[in-house]
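Enquirer: what shape does this take:
(2 chains)
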2 protein chains.
Amino acid sequence: MNPTASPETIVGDQVSPAAKLGPGASGGLESVMMSLRPHLAELDRFLRGQIEAFEPEIQEMADNCIDTGGKRIRPALVFLSGGRVPGPVQPELVRVAAVVELVHLATLVHDDIMDEAEVRRGRRTAARSYGPVAAVLLGDALFAHALHLAAQFPTTEVCLAVSASTRRVCAGEVVQTLRRGSTDFTVADYQRVIELKTAELFRASCRLGAALAGQPPAYVEAAGRFGRHLGVAYQIYDDLADFFGEEKRIGKTLGTDLASGKLTLPLLLLLEKLSPAERNELLQEIQGNRPPQLPLHLQQMREHGIFAAVAEAIQVEIEAARAAVAPWTRSIPVPGLLALCDAIADQVDELRPVA
Amino acid sequence: MNPTASPETIVGDQVSPAAKLGPGASGGLESVMMSLRPHLAELDRFLRGQIEAFEPEIQEMADNCIDTGGKRIRPALVFLSGGRVPGPVQPELVRVAAVVELVHLATLVHDDIMDEAEVRRGRRTAARSYGPVAAVLLGDALFAHALHLAAQFPTTEVCLAVSASTRRVCAGEVVQTLRRGSTDFTVADYQRVIELKTAELFRASCRLGAALAGQPPAYVEAAGRFGRHLGVAYQIYDDLADFFGEEKRIGKTLGTDLASGKLTLPLLLLLEKLSPAERNELLQEIQGNRPPQLPLHLQQMREHGIFAAVAEAIQVEIEAARAAVAPWTRSIPVPGLLALCDAIADQVDELRPVA
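Expert: Next up is the predicted model:
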């Protein structure tokens, strides 16, 4: 496991250097990520210490899974929402950051079973390396360990929040997976899924970070709203990257959503623009009755300005996130949260197809 | 869902009438189960009320899974360990009984994915009915909901106990599953697996039932020891029934352990008795290199007195369970716990092959 997470891997699935984040934001983000280094290093030390809690048979898998060289965006939200970065590392925040990251890793492990994904962040998934059966078990063990760490706080607050969020994340996965290949999946359904599967854990990370740092309840709620909007923005960005990213940069196979019959925002907006015949063909692909025509749909998306429409939806969420914490920026220093907003906006810009 | 669990389905995977439990114990068990009826009815009402907490897409599955017409042995342990049966139904005990039952059901759902089991308790498993992907999600949702209910107690006690037990149950599944087909699996390994995957949740059920009923700490520990030994006895019985049961009565396919390369106590003891050539053939079957020869091994088990040896191991655990609560039977009335011991002993007797 790497003892520290590199700042350049925090935002997006990209493993691109921070210099590529764009001149406007990268300075701000880079300095925020520098100030987070001790927190994320402590988190990695903590997580590494948890490996021993797993049975010998599963330690290698757990180690591999925890050492994703990954972005730790939810832990970053925990620390940044606390409003005390730069500053000393608070052990309670490290523990709760570990909890949300373990819940996230557990959902990834189970997710990759459904997706039959080969690669995540440039590595083979647990499901591919060890088989789906081991991946079911590894995910369960990570979930259970996360909840066990949550139960070790003095009050039930963390356990309540984390178990509620975990339930909602699972619910999002349920809806997304069981409605795959379904052609009556609407933008409202999509919104519901991403609120549950992604925004919920972002929200919980921000709320718990703020609460455990001892911030006032009204700010805790504001941080929660920030997290929810950022999570929605982030998931839409991720779904956009599945069409407009570069495989080498985002570290996973492109076009998997189309191939697996998952209607995400780019496809949903495209469907609204297509002729009845084109629309029918795309729906046949979603249902698995025709092979997916990724290049064709990329062409159609370009013709109908889908990139701009999705980017606009992301921008709306980013603005809502910024607005949620705006009243607090004088009393509670959260430049890191705002830098994350900028960073996502910049990442979206980087995907923009050349005209 | 049936509003009440029938007393005859409590012990073992059997769905046989209570009258078949044998003259010695059935009277005792039957009256205990009668006195548990209001508690189990209240539990079923509570569990049914939880269905709404699941997303619409998963409610039918959750309903099907909760309505197993099943034995509710862990909830029975919660209520009986409280030492207040017969007596008014305590809401805290109902809630904690629901928690342990949901954790158990979640592990069954994931278990059946690994086992590729067709049938459990005479019904198609979730993995068969809805596919393995849905079964992964259903199990996750049940786990998360169980932990969420656990977090709703005023202190972290229940959450800590349940998350720790869940971790250990998962660990047991990990070891069992990942060492399938492995021929260096020993009796000590087997003991470790059943302590984790079965005895742990029995132990937690008894401890939590006793603690939430307000019993003294020394009794809470004694009840935990009772549960652990009863759980070990129960699992060995279950593994014995996989060879010596009748499919119609135990409600699942026989010989699945052999077929899936799982070395349980009957096979482990048989291996010690076989000639090197026979031993090698059996190990080849475990490794999946030869088709399983169930009738042959049943014959070998009969020749080598394996049934009696396994029955003896069960008896040792039952005696240890009885001994754990024996000092308390004057001050805390737990005839129900002792009746469960008798019932398992009787069920073992029923499996005994005719000489």
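Enquirer: anything in whichever strand or helix holds residue A:112 near chain B?
Expert: Here residue A:112 is covered by helix A:91-115, with elements defined by DSSP states H and E. Yes - using Cβ under 8 Å from any Cβ of the partner chain, helix A:91-115 reaches chain B at A:110, A:113-114. (Glycine included, C-beta is placed from N, CA and C.)
Enquirer: for that helix, buried residues please.
Expert: A:92-115 (16 or more other Cβ atoms under 10 Å in any protein chain shown).
Enquirer: what's that helix packed up against?
Expert: helix A:23-50, helix A:56-66, helix A:73-81, helix A:126-130, helix A:132-150, helix A:157-178, helix A:200-212, helix B:132-150 (3 or more Cβ pairs under 8 Å, 6 or more residues apart in numbering or on different chains; DSSP states H and E).
Enquirer: would you format these as a markdown table with distance to residue B:233 and mean pLDDT included?
Expert: Shown next, in a markdown table, are those (distance: least, Cβ to Cβ, whole Å; pLDDT from 0 to 100):
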| stretch | distance to residue B:233 | mean pLDDT |
| --- | --- | --- |
| helix A:23-50 | 33 | 81 |
| helix A:56-66 | 25 | 87 |
| helix A:73-81 | 44 | 96 |
| helix A:126-130 | 33 | 73 |
| helix A:132-150 | 25 | 91 |
| helix A:157-178 | 32 | 91 |
| helix A:200-212 | 41 | 98 |
| helix B:132-150 | 25 | 91 |
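Enquirer: now these in CSV, with distance to residue B:327 and mean neighbour count?
Expert: Listed next are the helices and strands packed on helix A:91-115 as CSV, based on distance: least, Cβ to Cβ, whole Å; neighbours: other Cβ atoms under 10 Å in any protein chain shown:
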stretch, distance to residue B:327, mean neighbour count
helix A:23-50, 39, 18
helix A:56-66, 37, 18
helix A:73-81, 48, 29
helix A:126-130, 47, 21
helix A:132-150, 32, 26
helix A:157-178, 34, 24
helix A:200-212, 44, 28
helix B:132-150, 30, 26
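Enquirer: same list, the ones you listed, but as CSV with distance to residue A:285 please.
Expert: Listed next are the helices and strands packed on helix A:91-115 as CSV, based on distance: least, Cβ to Cβ, whole Å:
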stretch, distance to residue A:285
helix A:23-50, 36
helix A:56-66, 32
helix A:73-81, 31
helix A:126-130, 24
helix A:132-150, 25
helix A:157-178, 18
helix A:200-212, 30
helix B:132-150, 20
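Enquirer: right, so of the ones you listed, which gets closest to residue A:341?
Expert: Closest approach to residue A:341 among those (Cβ to Cβ): helix A:23-50, 8.6 Å.
Enquirer: got the residues of the stretch 151-300 of chain A near chain B?
Expert: A:151-156, A:159-160, A:163-164, A:166-167, A:169-171, A:173-175, A:177-179.
Enquirer: how about a cut-off of 10 Å?
Expert: Proximity of the stretch 151-300 of chain A to chain B, by Cβ under 10 Å from any Cβ of the partner chain, involves residues A:151-180, A:192, A:196.
Enquirer: for the closest residue to residue A:197 other than its chain neighbours, list the residues it contacts.
Expert: Excluding its sequence neighbours, the residue lying closest to residue A:197 (Cβ to Cβ, 6 or more residues apart in numbering or on different chains) is residue A:172, at 2.9 Å. The contact partners of residue A:172, by Cβ atoms under 10 Å, 6 or more residues apart in numbering or on different chains, come to A:107, A:192-201, A:235, B:55.
Enquirer: what does residue A:109 give?
Expert: Contacts of residue A:109 (Cβ under 10 Å, 6+ apart): A:61-62, A:65, A:120, A:125-127, A:130, A:134-143.
Enquirer: among those, which are within reach of chain B?
Expert: A:61-62, A:130, A:134-143.
Enquirer: okay, now the unreliable bits of the stretch 151-300 of chain A?
Expert: A:248-252 (pLDDT under 70).
Enquirer: can you give me the helices for it?
Expert: For the stretch 151-300 of chain A, the helices defined by DSSP state H, counting those that start in this stretch cover A:157-178, A:187-194, A:200-212, A:217-244, A:247-250, A:256-259, A:265-273, A:276-286, A:294-303.
Enquirer: now do the fourth one and helix A:200-212, the angle between them.
Expert: By that I understand helix A:217-244. Relative orientation of helix A:217-244 and helix A:200-212, computed by axes from the mean of the first three to the mean of the last three Cα atoms, to 10 degrees: 150 degrees.
Enquirer: next, the angle from helix A:217-244 to helix A:187-194.
Expert: Using the same axes, to 10 degrees: helix A:217-244 against helix A:187-194 is 110 degrees.
Enquirer: and for the last one?
Expert: With the same axes, to 10 degrees as the basis, helix A:294-303 and helix A:187-194 are set at 110 degrees to each other.
Enquirer: okay, the angle between helix A:294-303 and helix A:276-286?
Expert: 130 degrees.
Enquirer: ok, and what's touching helix A:294-303?
Expert: Counting by Cβ under 10 Å, 6+ apart, A:240, A:242-244, A:254-255, A:258-259, A:266-267, A:269-270, A:273-275, A:278, A:281-282, A:285, A:293, A:306-307, A:309-310, A:353, A:355 sit against helix A:294-303.
Enquirer: alpha carbons only: can I get that helix in CSV?
Expert: Taking C-alpha atoms only, helix A:294-303 is exported to CSV below (Å, rounded to 0.1, in the frame of the first residue of the first chain):
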residue,chain,number,x,y,z
LEU,A,294,-20.9,3.3,-29.4
PRO,A,295,-19.3,5.3,-32.3
LEU,A,296,-22.8,6.0,-33.8
HIS,A,297,-24.2,7.3,-30.6
LEU,A,298,-21.1,9.5,-29.9
GLN,A,299,-21.7,11.0,-33.3
GLN,A,300,-25.3,11.5,-32.6
MET,A,301,-24.4,13.1,-29.2
ARG,A,302,-22.1,15.5,-31.0
GLU,A,303,-24.8,16.4,-33.5
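Enquirer: run a quick neighbour tally on the residue lying closest to residue A:63 once chain neighbours are set aside.
Expert: Nearest in space to residue A:63, with sequence neighbours left out and distances taken as Cβ to Cβ, 6+ apart, is residue A:51 at 5.2 Å. By the criterion of other Cβ atoms under 10 Å in any protein chain shown, residue A:51 has 17 neighbours.
Enquirer: who's in contact with residue A:51?
Expert: Counted by Cβ under 10 Å, 6+ apart, residue A:51 has contacts A:1, A:58-60, A:62-63, A:65-67, A:145.
Enquirer: try it again with 7 Å
Expert: Residue A:51 sits next to A:59, A:62-63, A:66 when contact means Cβ atoms under 7 Å, 6 or more residues apart in numbering or on different chains.
Enquirer: please report how far it lies from chain B.
Expert: 13 Å (Cβ to the nearest Cβ, to the nearest Å).
Enquirer: go on, residue A:205?
Expert: 17 Å.
Enquirer: that residue against residue A:73, yeah?
Expert: No - contact criterion Cβ atoms under 7 Å: residue A:205 and residue A:73 do not qualify, at 8.5 Å.
Enquirer: coming back round to it: off-centre distance for the helix holding residue A:112?
Expert: How far helix A:91-115 lies from its chain's middle: 11 Å, per Cα atoms, centre = their mean, to the nearest Å.
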